[in-house]
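Trainee: Give me the fold of what follows.
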Amino acid sequence: MSHDFERLFEQISTLVMHHSPSGQETEIDHYLLALFAKLGVNHWQDRAGNIIVKILGQNPDAGAIAITAHKDEIGAIVKQVDERTGRVEIRALGGAYPWIYGEGVMDILGDHATIPGILSFGSRHVSHESPQKLLQTEKPVQWHQAWLETKCHSTELLAAGVRPGSRVVVGKHRKKPFRLKNYIASYTLDNKASLVILIELAKHLKNPPQDVYLVASAKEEVGALGALYFSQNTQLDALVALEICPLAREYAIAAGDRPVLLSQDGYGIYDEGLNQEILTAAAEINRPLQQAIIQGFGSDASIAMKFGHVCRGACLSFPTENTHGYEIAHLGAIAHCIDILFAYCQHPKI
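Mentor: Below you'll find the model as predicted:
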């Protein structure tokens, strides 16, 4: 399958610009549901918020495969609103840190309107008498030390539906991806880039040997809740999660266009038999893979395996710098994930 990097970049950019904080994923949901309807594929949204495409296989007795890519993103959640000043106190939503975003515009997704707020840490020109001094000299800023300046009266925030529980994400004008040669740099490549892989499979995968579910999973960043619901209610032979893979000195992973197949993460081991099937499919189309063990990480597949929802799980990922921050990934690695999974789905499993 040939891939135009410019088209791939534009596809990811479109998805990135649709907000989808965990549990408030309506904006990306509307886009995906409209897209799958336009493609004419069998699709639906379940009670957990997952968006599912089912591609019927030739053999109904063969075990079904699920490929997941989570559609939610990390961010923050409103703890309380100061009625006197209009300041908004926030806490982490998923694995987010305030220093990753820096001082700048964040979007507060109210029930009725989106309100901009400036993520603030306080002035720099201060002495030891100000609590902000510690942030300059001793430790990184934490969520309880940050706030959003809205310059709105409390009645305006109330009218917009800003309340405890409202989600907060990096402002759209700061989200626009940047092309760095054959790399894409952006917030929320985790996991908007993986959604493009699902979309391309939905376009091109026809009559596989077994049923294939393509799942844009919900609430992954807060415990893989969507994937757990889906895997509990669907009989599966295998679940393959699509993910980013962190680049760090402690891992033997190289940047570039070679995807990474995981053997173990922070939740447990992946299925070696399933990994071998994916490695075989990759070798047949001459798409080399890296293999790795990583920590501080989990996927839809490893979490579903840990809870006994699936007997076989795997995680195919693309090397990514600055994970959970302003991420950088090679467009070729994302494209090769499409090719590898397309080849894998063509192989009879029984």
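Trainee: Could you report the neighbour count for the residue nearest to D257 when sequence neighbours are not counted?
Mentor: The shortest distance from D257 to any non-neighbouring residue, by C-beta to C-beta, 6 or more residues apart in numbering, is to G332 (3.0 Å). To be clear about C-beta, it is placed using only N, CA and C from the backbone, and glycine gets the same treatment. Burial of G332 is recorded as 19 neighbouring residues (other C-beta atoms under 10 Å).
Trainee: give me every residue that touches M17.
Mentor: Contact analysis of M17 by C-beta atoms under 8 Å, 6 or more residues apart in numbering lists K172, K175, K176.
Trainee: next one: the helix or strand containing C245 to chain centre, how far?
Mentor: Assigned by DSSP states H and E, C245 falls within strand 238-246. Its chain's C-alpha centre and that of strand 238-246 lie 10 Å apart, by C-alpha atoms, centre = their mean, to the nearest Å.
Trainee: Touching, P209 and A62? I think so.
Mentor: Yes - between P209 and A62 there is a contact under C-beta atoms under 8 Å: 6.0 Å.
Trainee: Name the residue closest to the centre of this protein, please.
Mentor: The centre of the chain sits closest to N191, judged by C-alpha atoms, centre = their mean, with a distance of 2.4 Å.
Trainee: which element is that one on?
Mentor: N191 is part of helix 189-204, with elements assigned from DSSP H and E.
Trainee: relative orientation of that helix and strand 238-246 in degrees?
Mentor: 140 degrees (axes from the mean of the first three to the mean of the last three C-alpha atoms, to 10 degrees).
Trainee: Paired strands for whichever helix or strand comes after helix 189-204, with orientation please.
Mentor: Next helix or strand after helix 189-204 toward the C-terminus (DSSP H and E): strand 212-217. Note on strand 212-217: by DSSP bridges, its sheet partners are strand 51-55 (antiparallel), strand 65-70 (parallel).
Trainee: returning to that earlier point: which helices and strands does the strand holding C245 pack with?
Mentor: With contacts taken as 3 or more C-beta pairs under 8 Å, 6 or more residues apart in numbering; DSSP states H and E, strand 238-246 sits against strand 65-70, helix 189-204, helix 225-233, helix 272-284, helix 300-306, strand 313-321, helix 331-345.
Trainee: what lines up beside that strand in the sheet?
Mentor: Here, using DSSP bridges, strand 238-246 pairs with strand 65-70 (parallel), strand 313-321 (parallel).
Trainee: Tell me how far the longest one lies from the chain's centre.
Mentor: By that I understand strand 313-321. Taking C-alpha atoms, centre = their mean, one finds strand 313-321 lying 11 Å from the centre of the chain it belongs to.
Trainee: mind saving the C-alpha coords of it as CSV?
Mentor: The C-alpha trace of strand 313-321 is given here as CSV (Å, rounded to 0.1, in the frame of the first residue of the first chain):
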residue,chain,number,x,y,z
GLY,A,313,-3.1,-9.2,23.2
ALA,A,314,-0.4,-7.2,21.4
CYS,A,315,0.7,-3.6,21.0
LEU,A,316,1.9,-2.2,17.7
SER,A,317,3.3,1.3,18.1
PHE,A,318,5.4,4.1,16.5
PRO,A,319,8.4,5.7,18.1
THR,A,320,7.5,9.0,19.6
GLU,A,321,9.5,11.7,21.3
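Trainee: Hey, what's the angle from that strand to helix 225-233? Just curious.
Mentor: 160 degrees.
Trainee: what's the angle from strand 313-321 to helix 331-345?
Mentor: In terms of direction (the same axes, to 10 degrees), strand 313-321 departs from helix 331-345 by 170 degrees.
Trainee: Let me see the mean pLDDT of strand 313-321.
Mentor: Taken as a whole, strand 313-321 has an average pLDDT of 98.
Trainee: By mean pLDDT, flag the weakest helix or strand of this protein.
Mentor: Lowest on mean pLDDT, DSSP states H and E among the helices and strands of the chain sits helix 133-137, with a mean of 62.
Trainee: which element follows it toward the C-terminus?
Mentor: Per DSSP H and E, the first helix or strand lying C-terminal to helix 133-137 is strand 147-149.
Trainee: same for that next one, what does it pack against?
Mentor: If contacts are counted by 3+ C-beta pairs under 8 Å, 6+ apart, strand 147-149 sits against strand 88-93, strand 114-120.
Trainee: can you tell me which of those comes nearest to I340?
Mentor: Across the helices and strands packed on strand 147-149, I340 has its closest neighbour in strand 88-93 (31.5 Å, C-beta to C-beta).
Trainee: Buried residues of the closest one, list them for me.
Mentor: Neighbour-count burial for strand 88-93 flags V88, E89, I90, R91, L93 (criterion: 16 or more other C-beta atoms under 10 Å).
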